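# Here's my sequence, what's the structure:
(2 chains)
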Protein chains: 2
Amino acid sequence: MTDSADTEQGRETGTMTGKTGMTVGIVGLGLIGGSLARHLASNGCRVVAWNHRPHPYEQARRDGIACVDTLEELAGHPGARPDLIVLCNPLKAMPDMLSRLAPLIDRTTTTLTDVGSVKALVRQQVVAAGLGDCYVGAHPMTGTERSGFEASDPRLFDHALWAITVDASTDYRRFLTVARMITEGCSNRCIVIDDGTHDRAAALISHMPHVVATALINELTDNPDRNIAAALAAGSWRDMTRVALTDPQRTRAMVDEDAENVEALLRHMAHRLVAVADALRDGDDAAIGGFFAYGQPFRDYKTACAQDGASVTADMPLAPASWRGQLLESARRGEHVVAWRSDRVAVVERRPAVTVRQADQE
Amino acid sequence: MTDSADTEQGRETGTMTGKTGMTVGIVGLGLIGGSLARHLASNGCRVVAWNHRPHPYEQARRDGIACVDTLEELAGHPGARPDLIVLCNPLKAMPDMLSRLAPLIDRTTTTLTDVGSVKALVRQQVVAAGLGDCYVGAHPMTGTERSGFEASDPRLFDHALWAITVDASTDYRRFLTVARMITEGCSNRCIVIDDGTHDRAAALISHMPHVVATALINELTDNPDRNIAAALAAGSWRDMTRVALTDPQRTRAMVDEDAENVEALLRHMAHRLVAVADALRDGDDAAIGGFFAYGQPFRDYKTACAQDGASVTADMPLAPASWRGQLLESARRGEHVVAWRSDRVAVVERRPAVTVRQADQE
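Below is the predicted model of the structure:
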């Protein structure tokens, strides 16, 4: 990796992007598909979209999106194939959508990706549909609690971070197509990891905490003095239970799709809570002190993120034999891919990291 | 209880209040003491304040607060005693402050109260100082993560809800002095409960969730892919861990002071999380469905709170033998005391409640 600690250069790289000459097909104009299509179109990409019902088409066309009535039209015809098709349909519609697309896609020209919040399951479904060789996974870290094209907003994709997921069979050129759609088509940034790493991380920062928030409102509901507790509830309770208030069926689906990882993390959390309970019962000051000190690296990381430091970027040449490992290690260091110097050289931004010194944890 | 479902009447009762002719002494001009003193002064109360260091006095005097150099002056002299002294010092300074005040307070004229976030512990300390007969507990549900007079803001007490805590020995006239300081002096509202009920509710909606948030950041810190998880973290993670980022020593003190209740709730939570983990392992759809449905009464309550319904108030005459129980039951129904029709008739506002139908929970 060679350094180019020059924020101006970093910014120029960002501004250079914009129009990619890429044609992107979007399947599903819901909150995420609609926002992505509008964001890409406003950034100068050619966007073709299909939705299972045509109700968003009138507005979408005003936003510069070419709306088509059939999946055949979306898949295009010789000489007019999309570079990329992004599956933005609900996860539960994925197997059906894949089986309908499988006979239509020109696998030599078109790369397939998606925006699903779990990655191992989607890849299994893609492989089952015989589309594994043209697939690269993706998951943009954006969204709101609303849904539907009416709630879509191209600004949801301003400065968004995506996870791209690859496996040993992923073709580098197809990966690059998805990465350029993100960094150039969307002016966004990405990290590149494997499905398992993605799904474990998503379970940690989202799926498991949703269960914890739900357990909190269940605990209040169970308490005979629930109205007194609800009256005394202030900011900490409001923030910690907010995600338990959204559609519980949607949360349940998310948890079910990542069940194994969520299960493991719930057992970890239960173990941590029982350890604190035991320490409180025993008056074990050292254990309680250790518990409150343990997460200090994360507090320090958040403090560092809040400081408006200069962005430091570096060029990272990617070797044909080791690009997956290089990009995974970069993500583990907390770096983001923000641009491409060339097809074989990623520009990564160095960022604050959660730094655990072994001494802190002993 | 007689109904007076008349919002105009409710509002008039609110506006009637304002000046009470009451003199309130404030011990400690930190975030809460400073905000309360400024709020009371701007509402027309006579406020006398003492702080262990005089640095806030210049600004406090500009806000109409009479600042004194000694606790003797705060306790006053015959014919010029405060009706109420509010202890706004840190909890850890409470035993010292009480032993200094004990010989100074005129116990026949002055009522003692506090703003501490745990109530059983403070009452023990007050009783130990021999001041139990003039004490009524109080806890305003307000604050920010900042501290000190510099961070104080009288608007922290706009529309605030207070918990007043009483026990079998609490004198009704002293209770009424504190209640009128809240409803008339502050134009705030209150619920009236016992110490144990307060401390259990506070553990449920604040102290235990602080431990849960801390356990979440510890789980991330422990994860080898902590930087990837941190990169993918979005709104749900941010909200659920916010309170783990504030001073961990302050959180630890809060938990230690309410250790028994926090311990019990942590065990409940661990049990709930393990039950979900088991259901995920076993693919027990009914158990998972039941878990996500269980808190629906709290979701319905939040929806009802968000609706801008007309405020319905009712007069509640309080009987000398049963006022504590009457007020506790009112709080359990989710009502707030908003004003006083007379010394023996509280005006309560009816509000949405967390309503558990037995059938939902079986």
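
# domains of chain A?
Using automatic domain parsing, the domain ranges for chain A come out as A:18-186, A:199-303.

# Tabulate these in a markdown table, adding columns for mean pLDDT and distance to chain B.
C-betas here are computed from N, CA, C, even on glycine. Below are those laid out as a markdown table (pLDDT from 0 to 100; distance: least, CB to the nearest CB, whole Å):
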| stretch | mean pLDDT | distance to chain B |
| --- | --- | --- |
| domain A:18-186 | 95 | 5 |
| domain A:199-303 | 96 | 4 |
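
# Out of those domains, the one nearest A:Val348 is which?
Nearest to A:Val348, of all those, is domain A:18-186, at 10.9 Å by CB to CB.

# The domains of chain A into JSON lines, with extra columns for distance to A:Trp340?
Listed next are these as JSON lines, based on distance: least, CB to CB, whole Å:
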{"stretch": "domain A:18-186", "distance to A:Trp340": "6"}
{"stretch": "domain A:199-303", "distance to A:Trp340": "24"}
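
# As TSV, those domains with mean neighbour count would be great.
TSV is the format used below for the domains of chain A (neighbours: other CB atoms under 10 Å in any protein chain shown):
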stretch	mean neighbour count
domain A:18-186	19
domain A:199-303	21
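
# can you tell which of these is closest to B:Leu74?
domain A:199-303 (29.3 Å).

# So for the closest one, first residue to last residue, what's the gap.
For domain A:199-303, the first-to-last residue distance is 26 Å (CA to CA, to the nearest Å).

# which ones are touching A:Ala121?
Not quite, residue A:121 is Leu, not Ala. With contact taken as CB atoms under 8 Å, 6 or more residues apart in numbering or on different chains, A:Leu121 is in contact with A:91, A:257-258.

# Okay, and it sits in which element?
helix A:120-128 (DSSP states H and E).

# A:Pro54 too?
Applying DSSP H and E, one finds A:Pro54 in no helix or strand.

# and it, what is it in contact with?
So A:Pro54 contacts A:67, A:69 (CB under 8 Å, 6+ apart).

# Against A:Cys67, how distant is it?
Distance of A:Pro54 to A:Cys67, given as CB to CB, to the nearest Å: 7 Å.

# And the next helix or strand past the biggest helix by length in chain A?
Ranked by residue count under DSSP state H, the longest helix found in chain A is helix A:259-282. Next in sequence after helix A:259-282, counting helices and strands by DSSP H and E, comes helix A:285-294.

# for that following helix, packing partners?
Here helix A:285-294 touches helix A:259-282, helix B:208-222, helix B:248-257, going by 3 or more CB pairs under 8 Å, 6 or more residues apart in numbering or on different chains; DSSP states H and E.

# I'd like those helices laid out as TSV, including distance to B:Gly143.
Below are the helices and strands packed on helix A:285-294 laid out as TSV (distance: least, CB to CB, whole Å):
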stretch	distance to B:Gly143
helix A:259-282	23
helix B:208-222	13
helix B:248-257	11
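
# Could you find the closest non-adjacent residue to A:Ala319?
Excluding the flanking residues, the one nearest A:Ala319 by CB to CB, 6 or more residues apart in numbering or on different chains is A:Gln326, at 7.0 Å.

# how near is the one you found to chain B?
15 Å (CB to the nearest CB, to the nearest Å).

# What's the local residue count around that residue?
By the criterion of other CB atoms under 10 Å in any protein chain shown, A:Gln326 has 18 neighbours.

# which SSE is it in?
Assigned by DSSP H and E, A:Gln326 falls within helix A:323-332.

# do the same with A:Ala202
Going by DSSP H and E, A:Ala202 is part of helix A:195-202.

# Counting neighbours, what do you get for A:Ser311?
Here the number of neighbours of A:Ser311 (other CB under 10 Å) works out to 18.

# what ranges do the strands span in the stretch 51-200 of chain A?
Remark: strands assigned in the stretch 51-200 of chain A by DSSP state E, counting those that start in this stretch are A:66-67, A:84-87, A:111-114, A:137-140, A:161-165, A:189-193.

# before we move on, back to that, mind checking which of the domains of chain A is nearest A:Glu349?
Among the domains of chain A, the nearest to A:Glu349 by CB to CB is domain A:18-186 (10.6 Å).

# Contacts only, for A:Ala279.
A:Ala279 is in contact with A:287-288, A:291, counting by CB under 8 Å, 6+ apart.

# What of A:Ala213?
Counting by CB under 8 Å, 6+ apart, A:Ala213 touches A:240-244, B:236, B:240.

# In CSV, list those residues along with secondary structure and distance to A:Thr23.
Below are the contacts of A:Ala213 laid out as CSV (DSSP: H, G, I helix; E, B strand; the rest coil; distance: CB to CB, whole Å):
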residue, secondary structure, distance to A:Thr23
A:Met240, helix, 44
A:Thr241, helix, 44
A:Arg242, helix, 39
A:Val243, helix, 37
A:Ala244, helix, 41
B:Ser236, helix, 34
B:Met240, helix, 40
